[in-house]
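# Could you work out the structure for the sequence below:
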Amino acid sequence: MRFSFAPYLLDFKEPGGTSRGVMTEKPTFLVKVFDENDPSRFGIGEAAVFPGLSPEADGNYVWKLTEVLANIAIGKGTDLSRHSSIQFGLEQALFDFSNGCKGIYFPTAFTEGKSEIEINGLVWMGEFDKMIERIESKMADGFHCLKLKIGAIDWKKEVEMIEYVRKRFSSSELMIRVDANGGFSMENALPRLKRLADLDVHSIEQPIPAGNPEMMAFLCSVSPLPIALDEELIGKATTEERVALLDTVKPAYIILKPALCGGFSGGGEWIELANDRGIGWWVTSALESNVGLNAIAQWTAFMKAEGPQGLGTGGVFTNNFITPVGLEGDRLHFNPSQPLDYSQFNDLKWHY
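You can find the predicted model right below:
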């Protein structure tokens, strides 16, 4: 078995705004595993590193990929417990290879084209009028759940935006989730959570910055609005760390991004721990290319996730790859008659 990796830069169609700033491009790495006797046949994956979020996103990242490459060549394991995105990519490539190099990671009714995944409509931060325009577009497309990025523009404007939506659609017609990306402070969090609850918002992701479990635990205990942990899960690599976080904070939900929470194996453990504690969960992509999104969608179906999932980022890039996963309205589907074309990866700058 051999391993190879190639860098790739994804370009946004429109700048993507979060409370951490505006993104116009995102780096990632494609990875593959293959038999050296037949290198034309390989399993593909994506080590979806996220600068600013992935703890491993530093100057040593390529060296870690090189270490994996060398170790696999000699049949030696590599500790990836602190390199979630590489774990994520390697698992994909191995699952694909073991399933016959067909772009199938987790065979289910979804990959047979017999089931679909409902997703939320993601509305990026931006100027007020632009966000309203994006909301209108998502509603016209038939979405029954919107996820609004908040915390960057004026709070009163953000409330006005949610009020605008609520006047048109009740909570029984349209679920609204918001993601503050840690944009609130302890001084303003509670009154803001109360206002969002009054607007029948379903839940809020990461109201205050990650790394404050005691403060987050307090908010979860008194908030009138269910709180979901997102960035707080990043870097929790051991069972003990994960148990401690969930038992300390006691959130209503956790948001699983496999590239950031230990790959599919780590995500599976998070789900098991959450289920044991009555904590809800759903899956969200982390600006992967369609390679990673394809794998995440298949895993989401395999794990029998319920409710709208956060897998709507596949259309935000101008130079994405083509996979069998596509979006129609608010439903993600897999087209088994459109096999993955591996030739689109041939011209990447592979490191062997």
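# Please make it C-alpha for all contacts and neighbour counts, starting now.
Will do.
# Now do the strands in the protein.
Remark: strands assigned in the chain by DSSP state E are 2-18, 21-34, 42-47, 117-118, 121-123, 145-149, 175-179, 203-205, 227-229, 253-256, 280-283, 325-328, 331-334.
# which one of those is the most hemmed in?
Ranked by mean neighbour count under mean count of other Cα atoms under 10 Å, the strands of the chain are led by strand 42-47, which reaches a mean of 29.
# Would you mind saying which of the strands of the chain lies nearest Pro308?
When the strands of the chain are compared by Cα to Cα, strand 117-118 sits nearest Pro308, at 4.9 Å.
# Take the strands of the chain and lay them out in CSV including mean pLDDT and distance to Leu245.
Output for those, formatted as CSV (pLDDT from 0 to 100; distance: least, Cα to Cα, whole Å):
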stretch, mean pLDDT, distance to Leu245
strand 2-18, 89, 25
strand 21-34, 92, 27
strand 42-47, 98, 25
strand 117-118, 98, 29
strand 121-123, 89, 27
strand 145-149, 93, 24
strand 175-179, 96, 20
strand 203-205, 97, 16
strand 227-229, 98, 10
strand 253-256, 98, 11
strand 280-283, 98, 15
strand 325-328, 94, 34
strand 331-334, 96, 32
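# Turn these into TSV, columns for distance to Asp341.
Shown next, in TSV, are the strands of the chain (distance: least, Cα to Cα, whole Å):
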stretch	distance to Asp341
strand 2-18	17
strand 21-34	14
strand 42-47	11
strand 117-118	23
strand 121-123	28
strand 145-149	32
strand 175-179	35
strand 203-205	36
strand 227-229	36
strand 253-256	28
strand 280-283	26
strand 325-328	12
strand 331-334	14
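# which residues are contacting stretch 194-212?
Outside stretch 194-212, the residues within contact range by Cα atoms under 8 Å, 6 or more residues apart in numbering are 159, 162-163, 166, 171, 175-186, 189, 216, 223-232, 255.
# closest one to Lys76 among the strands of the chain?
Using Cα to Cα, these put strand 2-18 closest to Lys76, at 11.4 Å.
# Contacts made by the closest one with the rest, please.
Residues from elsewhere that reach strand 2-18, judged by Cα under 8 Å, 6+ apart: 22-36, 65, 68-69, 72-73, 124-126, 149-152, 181, 289, 316-320, 348-352.
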